[in-house]
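Q: Okay, here's the prediction I keep looking at, along with the sequence it came from:
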Amino acid sequence: MFGEKTRGDAREGMTLISEDAFFHGSLVVKGSLRVEGAFEGDISDAVDVEIGVKGRVIGNVAAEAVVVAGEVSGDIVASRSLEILASGRVTGDVRTPKLKIDEGAFFDGACAMGAGDDKPRRRRARAESDAAPAADSVS
């Protein structure tokens, strides 16, 4: 992933959340991000995001390219590519024009293959249960 040339040299702007770190909140990254620890919240505006084998993200990820070797529980929008490695686990909806899922990887969600900037559509079962009419209340 980092062997490719991206906007400038993405490595120069690398942000690292190490294995012993825990981050909670929203993070806007103008370069690249590598998560080896625990991250709860949303990641946006990144060039490249790597979730290491021991990395765990609970939240949404928006970047040009995303590689998951650890775990992501949330939606992923990757404007260039998404790769889920054999050790990776993704639970959530994804939107990307290029998707690679290695044998042994885990993916549970809906996938939209396109370059649209909008968020992935919610799965029909979830959307239908959310749209179920509420019980009438008696005043």
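A: That came through, no problem. As the structure is a prediction and not an experimental result, all values here were calculated from the model.

Q: got the buried residues for stretch 75-87?
A: Using 16 or more other CB atoms under 10 Å as the test for burial, stretch 75-87 gives D75, I76, V77, A78, S79, R80, S81, L82, E83, I84, L85, S87. Where C-beta positions appear, they are placed from N, C-alpha and C, glycine not excepted.

Q: Spatially, what comes nearest to A38 if we skip its sequence neighbours?
A: Spatial nearest neighbour of A38, chain neighbours left out: F22 (4.6 Å); criterion: CB to CB, 6 or more residues apart in numbering.

Q: Kindly apply the preceding question to D108 instead.
A: Closest residue to D108 apart from its sequence neighbours, by CB to CB, 6+ apart: T91 at 4.9 Å.

Q: So for the one you found, what's the pLDDT?
A: Looking at T91, its pLDDT is 98.

Q: Where does the prediction get shaky in the protein?
A: Low-confidence segments of the chain, defined by pLDDT under 70: 1-12, 114-139.

Q: go with 50
A: Within the chain, the stretches with pLDDT under 50 are 1-11, 119-129, 137, 139.

Q: hmm, back to that, what is the residue nearest to D108 paired to in the beta sheet?
A: Beta-bridge partners of T91, counted by DSSP bridges, are S73, D108.

Q: All set now, cheers.
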